[in-house]
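# I need the structure of the sequence given here:
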Amino acid sequence: MSVELYDWMKKKARTLGNTGLKVSPLSFGSASISSDGGGYGFGPIGFNESMSLIEKSIEMGVNLFDSAPVYGMQEAEMRLGKFFKARGGRKNIFLTSKSGVTWHPNKRINLTNDPKVTESMLLQSLKDFQTDYIDIYFIHWPDSAVDIRRPLEVLVKYQEKGAIRFLGLCNTNESDYLRSKDVAKIDVMQCEYNLFQKKVEEYILPLCKNENLGFMAWGTLEKGILSGQFHPKKALHASDNRVGAPWFKQKDVSFKCELVEKMKQNGNAIVNSKDGNPFSMMAFSLGYYFSRPEVTTLLCGSKTLLQWSESIEALKKGEHYFEGNMKWTEDEIRSLIKIADQFNLSKKETL
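As a prediction, this is how the structure comes out:
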């Protein structure tokens, strides 16, 4: 199975904008291995289990590992560093990290793009990764108190030294991107993109197309809601970042799950009229994003080998919904998108 998945992943690899890097269609979101260290993570996972998960994902063709210091408060990056150190390096494997989201001694999260913090975080990530360079380094979030050009000036200096290969912006906006061009060459964008969050289709994806920027999508399965792995009554570990998060309110989660069920009903009716195979909400979701040529890779936060293989198989299946003999019509695709759009419409109505 791994050989088959590996071959498919290599075949579907896309070039990350102007970087020249050929990246697997699914990339490793390392928040999944952050364990219970705090920050942004999704519950405990043992060290040995993490090492096995990294190894097996590589065997399936994954070649980009996305991280940030806040994932387990350094734990994810240290685990990646230990893995690749023991492996003897990371030939043809790409690492990313980010600056801007740090924390206080009491583990309270703090967001700042202060240049001194940017430099400190970069140096710490290099140390935790046990490497002398990071392939793609991002500014994690916009900071209204700091001009984006100030931290980028610091990062450009390290890029000139070879500590960073390419620079990127996460969760960015038009004004920050335009300012960034004054001091740096931005090659990659990374933003949230899922059926309930499609804002990137308005500005970011057209920008990536016009300027040949790579695009990495995160949150593609909406924390398990779109894959069917999460339901409102699911028990979560206390260290899971979804517990009590303002962006994961029970009311919103329940409504999204209801909409997913409606989408499944429509999807089942459509596939039954074509080939009779069961409809997969996960396949439709991943296929929808990857049908956009501007999208280079989809970040995957799988915590088990089974989830990894299911994700790859889902993307393979999702292709059939958007191309080939089983290609859906625009109206059929839109019928599901309209259901997902009800979530944002309901939010606007309450404002």
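
# residue with max distance from the center of the protein?
Most distant residue from the mean C-alpha position of the chain: Ser273, 33.1 Å away (CA atoms, centre = their mean).

# and that one, helix, strand or coil?
What DSSP: H, G, I helix; E, B strand; the rest coil gives for Ser273 is helix.

# how about the nearest residue to Lys316, chain neighbours excluded?
In this structure, Lys316 finds its nearest non-sequential neighbour in Trp8, 6.1 Å apart by CB to CB, 6 or more residues apart in numbering. All C-beta spots, glycine's among them, are computed from the backbone N, C-alpha and C.

# neighbours of the one you found, just the number please.
18 (other CB atoms under 10 Å).

# and it, what element?
Element membership for Trp8, per DSSP states H and E: helix 2-11.

# give the buried residues for that helix.
5-6, 8-9 (16 or more other CB atoms under 10 Å).

# check stretch 252-269 too.
252-253, 255-257, 259-260, 263-264, 266-267.

# I figured the residue nearest to Lys316 hits Met60, correct?
No: at 9.1 Å, Trp8 does not count as touching Met60 under the criterion of CB atoms under 8 Å.

# rewinding a little: how much space between the residue nearest to Lys316 and Phe343?
32 Å (CB to CB, to the nearest Å).

# likewise Cys208?
Taken as CB to CB, the span from Cys208 to Phe343 is 25 Å.

# who has more neighbours out of these two?
Cys208 (22 against 17).

# ok so that one is a helix residue?
Yes: assessed by three-state DSSP, Cys208 belongs to a helix.

# from Gln342, how far off is it?
27 Å.

# could you do Lys22 as well?
Counting by CB to CB - Lys22 and Gln342 are separated by 38 Å.

# measure Phe129 to Ser99 for me?
14 Å.

# so between these two, which is more surrounded?
Applying other CB under 10 Å to Phe129 and Ser99 shows that Ser99 carries more neighbours, namely 28 against 23.

# just how off-centre is stretch 75-92 within its chain?
19 Å (CA atoms, centre = their mean, to the nearest Å).

# could you export it as PDB, CA atoms only?
Written as PDB, here are the backbone C-alpha positions of stretch 75-92 (Å, rounded to 0.1, in the frame of the first residue of the first chain):
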ATOM      1  CA  GLU A  75       7.800  20.000  21.300                       C
ATOM      2  CA  ALA A  76       6.800  19.500  17.700                       C
ATOM      3  CA  GLU A  77       9.900  21.100  16.300                       C
ATOM      4  CA  MET A  78      12.200  19.300  18.800                       C
ATOM      5  CA  ARG A  79      10.600  15.900  17.700                       C
ATOM      6  CA  LEU A  80      11.200  16.700  14.000                       C
ATOM      7  CA  GLY A  81      14.700  17.700  14.800                       C
ATOM      8  CA  LYS A  82      15.400  14.500  16.700                       C
ATOM      9  CA  PHE A  83      13.900  12.400  13.900                       C
ATOM     10  CA  PHE A  84      15.900  14.000  11.000                       C
ATOM     11  CA  LYS A  85      19.100  14.000  13.100                       C
ATOM     12  CA  ALA A  86      18.800  10.300  13.800                       C
ATOM     13  CA  ARG A  87      17.900   9.800  10.100                       C
ATOM     14  CA  GLY A  88      21.100  11.500   9.000                       C
ATOM     15  CA  GLY A  89      19.600  14.500   7.400                       C
ATOM     16  CA  ARG A  90      16.600  15.400   5.300                       C
ATOM     17  CA  LYS A  91      17.500  15.100   1.700                       C
ATOM     18  CA  ASN A  92      14.600  16.100  -0.500                       C
END
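
# can we start the residue count at 53 from this point?
Got it, the first residue is 53 from now on, which makes the last one we talked about stretch 127-144.

# what comes up buried for that stretch?
Here stretch 127-144 shows 127-136, 142 as buried, counting by 16+ other CB under 10 Å.

# turn the residues you listed into CSV, including secondary structure, pLDDT and distance to Arg160.
Putting the buried residues of stretch 127-144 into CSV (DSSP: H, G, I helix; E, B strand; the rest coil; pLDDT from 0 to 100; distance: CB to CB, whole Å) gives the following:
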residue, secondary structure, pLDDT, distance to Arg160
Glu127, helix, 95, 17
Ala128, helix, 96, 19
Glu129, helix, 98, 20
Met130, helix, 97, 21
Arg131, helix, 97, 23
Leu132, helix, 98, 25
Gly133, helix, 98, 25
Lys134, helix, 97, 27
Phe135, helix, 98, 29
Phe136, helix, 97, 31
Arg142, coil, 93, 33
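
# and the residue nearest the centre of the chain?
Trp270 (2.5 Å).

# who's in contact with it?
By CB atoms under 8 Å, 6 or more residues apart in numbering, the residues touching Trp270 are 81, 118, 242-245, 351.

# now do the strands in this protein.
Secondary structure of the chain by DSSP state E: the strands cover 66-67, 74-75, 78-81, 116-118, 146-151, 153-155, 161-163, 186-191, 216-222, 238-244, 266-270, 349-352.

# make TSV out of the ones you listed and add distance to Leu338 and mean pLDDT.
Shown next, in TSV, are the strands of the chain (distance: least, CB to CB, whole Å; pLDDT from 0 to 100):
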stretch	distance to Leu338	mean pLDDT
strand 66-67	14	98
strand 74-75	15	98
strand 78-81	8	97
strand 116-118	16	98
strand 146-151	20	98
strand 153-155	26	94
strand 161-163	29	93
strand 186-191	22	98
strand 216-222	20	98
strand 238-244	15	98
strand 266-270	10	98
strand 349-352	6	97
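
# many thanks, we can stop here.
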